[in-house]
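> Fold the following.
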Amino acid sequence: MTSGQPPKDHIVSFSLPTHANGILPDRMIAAMADAGLILPAYPFVESQIQPASLDLRLSDIAYRVRASFLPGPGATVAERIDELKLHEIGLADGAVLETNCVYIVPLIESLALPPKIVASANPKSSTGRLDVFTRVIADGTRRFDMVGAGYHGPLYAEISPKTFPVLLREGSRLSQVRFRTGEAILDVDELEALHAAESLVDSDKADLNGGVALSVDLSGENAQGFVGYRAKRHTGVVDIDRRGGYAADEFWEAIPARGDGSLILDPGEFYILASKEAVQVPPDYAAEMVPFDPLVGEFRVHYAGFFDPGFGYAGAGGQGSRAVLEVRSREVPFILEHGQIVGRLVYEKMLARPASLYGQRIGSNYQAQGLKLSKHFRV
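Numbers count the residues shown, from 1 in each chain. All right, here's what the predicted structure looks like:
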């Protein structure tokens with residue numbers, strides 16, 4: 001793989017505004033690449049730069065490893081791969097990754113972050129809705145999906161399909177990364193003021209303590225009497241890059257609403273549900289779904305947590321959008337009730353308004369969504 005370092009005569013300077021606090025928008029991400037702070041081995045492709053994030057691309061090789069790991073201080077991911085790899089898989093022509101196996105794939109993008117910019121990663125929405133467990137790893141780190149200020153080095157994706165075997169290839173995009181500087185998260189007073197001005201959720205009694213609370217919709221009123229989908233086992237392969245290529249009923253079982261507004265989550269099963277609230281993210285802000293208190297239930301919600309500026313926003317064609325919830329029960333069966341809080345949406349300031357907002361104009365897949373499977377399925 002060739003070096004991603006731009007020619008010296010192409011590199012331009014990059015600077016942040018004084019006392020900057022916020023998430024970098026699309027045009028600043030492009031400027032970071034022009035300045036050599038993001039180093040793609042190959043030029044970016046169309047739509048790779050999103051309003052508040054950058055999609056990360058897989059390189060041409062995957063390593064099947066014995067177990068997930070973090071390198072820790074002073075160690076590189078490559079060193080740990082050499083210790084733990086079972087075999088190598090070429091991705092240039094595409095390859096199938098099997099369920100419940102752990103793979104490490106070097107990414108085409110590497111970073112040369114300046115001292116005041118940090119990066120955080122998350123699975124893309126379509127990745128989470130396929131139950132593909134994906135995290136980004138950097139050299140010397142103690143945490144997944146977090147890259148510290150001043151980091152210079154490669155990035156890797158840990159990939160573990162949980163329900164469907166998936167076909168991946170060089171250039172496939174499973175993860176996305178945001179860049180931020182300073183303190184971007186809105187405090188309680190700022191969040192209350194923004195909700196008063198913009199109605200972040202369509203609720204008269206929004207719970208804003210620690211972020212905007214989202215609850216689960218088990219009424220069936222917003223999806224023709226259904227509340228969600230449960231993934232089937234032992235299905236065919238899903239090509240991660242194939243849009244609308246699969247009949248939903250071959251991979252998913254639709255779940256009808258119950259009269260009592262409840263749903264029993266079976267251990268080890270994967271569900272697609274939707275929030276009761278319709279959400280919007282104004283243009284000068286971004287949001288992220290964060291885990292709710294684990295003491296309130298034995299389940300995990302939302303693998304893919306980034307919400308871009310313009311999500312659900314009327315000016316970007318949204319009119320409010322439901323948050324799709326990717327839910328997996330843990331060790332025991334657990335009863336979800338209609339209206340039960342399952343997550344919180346933390347809002348952050350953008351450093352500047354993006355040139356493009358999340359919406360149909362830039363080909364966003366989930367604007368104005370309700371209960372919706374990933375873009376791979378035809379319902």
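> so Ala33 is in which element?
helix 26-34 (DSSP states H and E).
> What is that helix packed up against?
Secondary-structure packing of helix 26-34 (3 or more C-beta pairs under 8 Å, 6 or more residues apart in numbering; DSSP states H and E): strand 38-40, strand 173-181. (C-beta placed from N, C-alpha, C; glycine too.)
> same thing but at 10 Å, please
strand 38-40, strand 54-57, strand 109-112, strand 173-181 (3 or more C-beta pairs under 10 Å, 6 or more residues apart in numbering; DSSP states H and E).
> residue ranges with poor pLDDT in the stretch 251-379 of the chain?
Applying pLDDT under 70 to the stretch 251-379 of the chain picks out residues 291-299, 302-304, 315-319, 359-369.
> if we can go back for a sec, how far does the helix holding Ala33 sit from the chain's center?
The chain centroid and the centroid of helix 26-34 are separated by 20 Å under C-alpha atoms, centre = their mean, to the nearest Å.
> Give the buried residues for that helix.
Neighbour counts over helix 26-34 (16 or more other C-beta atoms under 10 Å) mark 26, 28-33 as buried.
> Same question for stretch 251-261.
Using 16+ other C-beta under 10 Å as the test for burial, stretch 251-261 gives 251-252, 254-255, 257, 261.
> Ends of that stretch, what's the gap?
Terminal residues of stretch 251-261 are spaced 25 Å apart (C-alpha to C-alpha, to the nearest Å).
> do stretch 56-71 as well
End-to-end distance for stretch 56-71, by C-alpha to C-alpha: 20 Å.
> Could you export the helices and strands packed on helix 26-34 to CSV, including columns for mean neighbour count?
Supplementary listing: these in CSV, determined by neighbours: other C-beta atoms under 10 Å:
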stretch, mean neighbour count
strand 38-40, 21
strand 54-57, 22
strand 109-112, 20
strand 173-181, 23
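> Looking at those strands, which is nearest to Leu86?
Nearest to Leu86 among the helices and strands packed on helix 26-34 is strand 173-181 (20.7 Å), distances taken as C-beta to C-beta.
> partners of that closest one in the sheet?
Strand 173-181 has the following strand partners under DSSP bridges: strand 22-23 (antiparallel), strand 54-57 (antiparallel), strand 118-123 (antiparallel).
> Of all these, which one is nearest Asn100?
For the strands paired with strand 173-181, the distance to Asn100 is smallest for strand 118-123, at 17.1 Å, taking C-beta to C-beta.
> Which element is encountered next along the chain beyond that closest one?
Once the chain leaves strand 118-123, the next helix or strand it forms, by DSSP H and E, is helix 125-129.
> pLDDT (mean, whole number) over that next one?
On average, the pLDDT along helix 125-129 is 90.
> And that helix, how far out from the chain middle?
Taking mean C-alpha positions (C-alpha atoms, centre = their mean), helix 125-129 and its chain are 7 Å apart.
> Same question for stretch 148-155.
For stretch 148-155, the separation from the chain centroid amounts to 20 Å (computed by C-alpha atoms, centre = their mean).
> To which secondary structure element is the closest residue in space to Phe69 that isn't next to it in sequence assigned?
In space, not counting the residues next to it along the chain, Phe69 is nearest to Arg80; the distance is 5.3 Å by C-beta to C-beta, 6 or more residues apart in numbering. Secondary structure assigned from DSSP H and E places Arg80 in helix 77-84.
> Rounded mean pLDDT for that helix, please.
97.
> Give me the helices and strands touching that helix, please.
Short answer (3+ C-beta pairs under 10 Å, 6+ apart): helix 77-84 packs on strand 61-65, strand 102-106, strand 132-138, strand 155-161.
> relative orientation of that helix and strand 132-138 in degrees?
For helix 77-84 against strand 132-138, the angle by axes from the mean of the first three to the mean of the last three C-alpha atoms, to 10 degrees is 120 degrees.
> Does the following helix or strand past helix 77-84 pack against any helices or strands, and if so which?
Once helix 77-84 ends, the next helix or strand along the chain (criterion: DSSP H and E) is strand 85-90. With contacts taken as 3+ C-beta pairs under 10 Å, 6+ apart, strand 85-90 sits against strand 61-65, strand 95-97, strand 102-106.
> who wins for proximity to Gly148 among these?
Gly148 lies closest, by C-beta to C-beta, to one member of those: strand 102-106, at 19.4 Å.
> Alpha carbons of that closest one, in CSV - could you do that?
Output in CSV follows, covering the C-alpha atoms of strand 102-106 (Å, rounded to 0.1, in the frame of the first residue of the first chain):
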residue,chain,number,x,y,z
VAL,A,102,-12.9,-11.6,15.4
TYR,A,103,-11.0,-9.9,12.5
ILE,A,104,-8.6,-6.9,12.4
VAL,A,105,-8.4,-4.9,9.2
PRO,A,106,-5.9,-2.0,8.7
